[in-house]
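1. here is my input; please provide its structure:
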Amino acid sequence: MGDKLVCRCEEVSQAEIEEAIKEGALSLDAIKKATRAGMGLCQGRTCSRLVRQMLAREAQISPGEVGPMRVRPPVRAIELGSLKAEPEEHG
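-> This is a model prediction of the structure:
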């Protein structure tokens, strides 16, 4: 059962996350550091809900009591041209 992938982007299994929690990773950021869950292309948008539920279950708290996963820029890649200001129209 522990071989199920929770974070597909970084290929982190349920067993790896459970082990990190047992070793003291008691926040989403600590689990992220210990396992790389949430560091992939989706930046945790896919796996953070599952990791939150696992942490809440192990810590015996509600999922709402687990703090958010901190995101680090860049959250999404953008084209440099989109930063260019559009010329103002005078009318």
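
2. quick one, what contacts C47?
-> Applying Cβ atoms under 8 Å, 6 or more residues apart in numbering, we find C47 in contact with V6, C7, R8, C9, V12, A37, G38. Placement of C-beta: from N, CA and C, glycine included.

3. ok, and the most crowded of the residues you listed?
-> Neighbour count (other Cβ atoms under 10 Å) singles out A37 as the most crowded of those, with 29 neighbours.

4. show me how far the helix ranked longest in the chain is from its chain's centre.
-> Across the chain, the helix with the greatest residue count (assigned by DSSP state H) is helix 48-59. The chain centre lies 12 Å from the centre of helix 48-59; the measure is Cα atoms, centre = their mean, to the nearest Å.

5. repeat that for stretch 48-66.
-> With Cα atoms, centre = their mean, you get 13 Å for stretch 48-66.

6. got the buried residues for that stretch?
-> Neighbour-count burial for stretch 48-66, with 16 or more other Cβ atoms under 10 Å as criterion, is recorded at S48, L50, V51, R52, M54, L55, V66.

7. which one of those is nearest to L83?
-> L83 lies nearest to S48 out of those, by Cβ to Cβ, at 28.0 Å.

8. check the secondary structure at the nearest residue to that closest one once chain neighbours are set aside for me.
-> Distance criterion Cβ to Cβ, 6 or more residues apart in numbering; nearest residue to S48, sequence neighbours excluded, is M69 at 4.9 Å. Under the three-state scheme (DSSP: H, G, I helix; E, B strand; the rest coil), M69 adopts coil.

9. ok, now how distant is M69 from K33?
-> 11 Å (Cβ to Cβ, to the nearest Å).

10. if you count what's nearby, which of those two comes out ahead?
-> Using other Cβ under 10 Å as the criterion, M69 and K33 rank with M69 on top: 20 against 14.

11. alright, that wraps it up for me.
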